[in-house]
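J.: no sequence for this one, just the structure:
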């Protein structure tokens with residue numbers, strides 16, 4: 001199968017990656033509903049995560065800590081690159097682990113946040129729309145060479161026992177972009 005395998009350094013479709021540095025991404029998921037600009041999709045994804053999790057915190061200190069961490073993603077001063085955003089959005093030493101209630105909320109909201117990121121990117125940069133328009137009906141794969149079964153956002157193609165292509169990983173970002181592309185196509189027809 002002829003996949004459009006996209007990632008930030010790829011030859012084709014890199015604009016679809018959350019690591020792509022293009023126009024800013026605008027989200028309306030801040031703690032008070034005011035639009036917030038982020039440098040990249042990766043910054044937006046993690047910034048929104050901490051902002052949303054602050055809304056379910058019953059502990060004022062925890063809420064404040066989550067909101068302060070969320071604000072770091074709004075510029076490249078504290079979180080310079082998309083890779084830094086990924087690290088600061090995790091539970092490692094640069095990041096901030098979420099508690100079970102916060103994780104539950106985030107698991108329910110992550111897809112909606114990612115869809116908003118995609119919608120913002122396509123609205124703010126015509127090259128993103130051109131990538132989708134020129135992709136035809138090819139399956140869109142958010143390439144992750146280390147993807148395992150159950151990885152939510154990316155995937156990789158392997159041949160199964162019958163010699164057929166099989167995607168390892170859920171490819172959530174690729175599926176969202178396919179939905180956006182289908183909607184664009186319906187609107188044009």
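T.: The structure has been received and is ready for your questions. Note that the structure is a prediction, hence the values are computed from the model and not measured.
J.: For this protein, which segments count as strands?
T.: 4-6, 25-27, 36-38, 140-142, 156-159, 165-168 (DSSP state E).
J.: Okay, now the sheet partners of the first one, with direction.
T.: By that I understand strand 4-6. Using DSSP bridges, strand 4-6 pairs in its sheet with strand 140-142 (parallel).
J.: Now tell me what touches the strand it pairs with from outside.
T.: 3-7, 13, 16-17, 153-157, 167, 171-175, 177-178, 181 (Cβ atoms under 8 Å, 6 or more residues apart in numbering). All C-beta atoms are positioned from the backbone trio N, CA, C, and that covers glycine.
J.: before we move on, what about stretch 18-28?
T.: 7-8, 14-15, 34-45, 47-48, 82-83, 113, 116-117, 120-121, 124-125, 127-128, 173.
J.: Quick check: which ranges of the chain have low pLDDT?
T.: For the chain, the stretches with pLDDT under 70 are 29-32.
J.: which one of the strands of the chain is the most hemmed in?
T.: Of all those, strand 140-142 has the most neighbours on average by mean count of other Cβ atoms under 10 Å, namely a mean of 25.
J.: so residue 67 touches residue 54, yeah?
T.: Yes. Between residue 67 and residue 54 there is a contact under Cβ atoms under 8 Å: 4.8 Å.
J.: When the two are compared, which one has more neighbours?
T.: residue 54 (20 against 17; other Cβ atoms under 10 Å).
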